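Colleague: make a model of this:
(chains A and B)
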Amino acid sequence: MDKELEHSFVELLEKHQNIVHKVCRLYTNNKDAHNDLFQEITIQLWKAYPKFRGDAKFSTWMYRVGLNTAITLYRKSKRSIKTQEFETVSFKIKSEDYDDTEEQQLKLLYKAVHQLNDIEKALVFLYLEDKNYSEISETLGISEVNARVKMNRVKKKIKTILNP
Amino acid sequence: MDELELLKKDWQSNTAQDEPRLSSKDIYPMLLKKSSSIVKTLFYISVAELLFWVIINSIPYFSSEQYRLDLEAMYGNDSILLGVTIFSYAVVLAFVYLLYKSYKSISVTDNAKRLMESILKTRKIIKYYVIYNLVMAFLSMAFGLYYMIYENPEISQQFAKFSNKQMFFAMALMLLATAAFVLVFWIFYRIIYGILLRRLNRNYKELKKLEV
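Modeller: Numbering: from 1, shown residues only, chains lettered A, B, ... in the order given. Below is the predicted model:
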């Protein structure tokens, strides 16, 4: 592949790398696995890049490839299977009105999200990224109504995990 | 506040700071690394399977003249054997074509459900190829045994001395051995694909469940 294509891809990925990091953060629970998944998503993005047409936003396209890799294509490496290092996934609160109870609640929330299954995580991820239901349904290949129904169930499930 | 709203606020406010940002210098080498996705593994397994069965079926045929003569004797004449050979290679070619088409249709930019479906379709083609080969293996073993018992003078003489009971046990043993051979292969495949596609199957079921 020519250098120009490579250059434009790397530039775009560097700019939007947050999306990939966020997917990795949701689907892995330690640093090695995070890097592993990041690597695989990058390869998949790069392989698909020649077919990427400017009519879709690069970031929207990344959500799809990133999630597809995490949910379907990625083979978990051995080192990431049984390690439960939730604490290493640090979620620092940057707000000025630092609130201890809120931090505690957030920690529990992130922990609850980590307990969801792959599809539920994908829904939560797109929701947290402020995607509307039509985008969620297009990314996952389910109807909009079903996406809404499932999202409500996921919210309930999180509540149950938090307050068993 | 809704729990997820609280999470969303935090997610959007601090997502940028949490991960060490990679520079383009870090990203370039990543492009050269090899993918370890399940599609790639599936591809290697299918190529290995195609080659395995082609080699298994061809080696004796090309390496031993005696085997060829035996086969010809078994089939009665040359043209039936030729027909069977052409048929088996045509089947292999058809599977190669179907697999190629199927791999081409796997696209990471499809929606999640469609991507899963195209991978499962590819796996199904490999499965049919395996079933075809196991059925053929079973048939040719059964056919070979029949030929050996009834057409081969030395062995048929031997068998003629058997009592009905002995004959029954000999046949049952041979049938069992053949069935065991097929079964071992089948379990082996189930394990390979079961492990490889366990997660995909689980997630696909989860998506399908939403449609009910």
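
Colleague: A:Pro50 contacts A:Glu6, doesn't it?
Modeller: No. Using C-beta atoms under 8 Å, A:Pro50 is not in contact with A:Glu6; the gap is 10.6 Å. Quick note: C-beta positions are derived from backbone N, CA and C, even for glycine.

Colleague: OK, now which residue of chain A is nearest to chain B?
Modeller: The minimum distance from chain A to chain B, using C-beta to the nearest C-beta, falls at A:Gly141 (3.0 Å).

Colleague: tell me the confidence at that residue?
Modeller: With respect to pLDDT, A:Gly141 scores 94.

Colleague: which of the helices or strands spans the spatially closest residue to it that is not a sequence neighbour?
Modeller: Nearest non-adjacent residue to A:Gly141, counting by C-beta to C-beta, 6 or more residues apart in numbering or on different chains: B:Lys113, 3.0 Å away. Using DSSP states H and E, B:Lys113 maps to helix B:112-150.

Colleague: which residues are contacting the next helix or strand after that helix?
Modeller: Once the chain leaves helix B:112-150, the next helix or strand it forms, by DSSP H and E, is helix B:153-160. When contacts are defined by C-beta atoms under 8 Å, 6 or more residues apart in numbering or on different chains, helix B:153-160 is touched by residues B:Met148, B:Ile149, B:Tyr150, B:Met167, B:Ala170.

Colleague: give the contact list for B:Leu50.
Modeller: Residues near B:Leu50 by C-beta under 8 Å, 6+ apart: B:Val92, B:Phe95, B:Val96, B:Leu99, B:Tyr129.

Colleague: what sits against the closest residue to chain A within chain B?
Modeller: Of all residues in chain B, B:Lys113 sits closest to chain A, at 3.0 Å by C-beta to the nearest C-beta. B:Lys113 sits next to A:Leu140, A:Gly141, A:Ile142, B:Tyr204, B:Leu207 when contact means C-beta under 8 Å, 6+ apart.

Colleague: quick check: domain ranges of chain A?
Modeller: According to automatic domain parsing, chain A is divided into the following domains: A:1-81, A:98-164.

Colleague: low-confidence stretches in chain A?
Modeller: A:1, A:77-99 (pLDDT under 70).

Colleague: report the longest helix in it, please.
Modeller: Counting residues, the longest helix found in chain A (DSSP state H) is helix A:3-27.

Colleague: name the residues of stretch B:36-43 that come out as buried.
Modeller: For stretch B:36-43, a neighbour-count test (16 or more other C-beta atoms under 10 Å in any protein chain shown) marks B:Ser37, B:Ile38, B:Val39, B:Thr41, B:Leu42, B:Phe43 as buried.

Colleague: how many neighbours does the spatially closest residue to B:Ile45 that is not a sequence neighbour have?
Modeller: Closest residue in space to B:Ile45, ignoring its immediate chain neighbours: B:Ile192 at 6.6 Å, by C-beta to C-beta, 6+ apart. By other C-beta atoms under 10 Å in any protein chain shown, the residues close to B:Ile192 number 14.

Colleague: still on that earlier bit, quick one: which of A:Pro50 and A:Glu6 has more around it?
Modeller: Set A:Pro50 next to A:Glu6 and count neighbours by other C-beta under 10 Å: A:Glu6 wins out with 15 against 10.

Colleague: what sits against the more buried one?
Modeller: Contacts for A:Glu6 (C-beta under 8 Å, 6+ apart) come out as B:Tyr28, B:Leu31.

Colleague: can you show me the helices along the chain?
Modeller: You didn't pick a chain, so chain A it is. Ranges of helices in chain A, per DSSP H, are A:3-27, A:31-48, A:58-68, A:78-81, A:100-114, A:118-128, A:133-140, A:144-162.

Colleague: you looked at the wrong chain, it should be chain B
Modeller: Using DSSP H, helices in chain B cover B:3-18, B:24-32, B:38-63, B:65-75, B:78-104, B:112-150, B:153-160, B:164-209.
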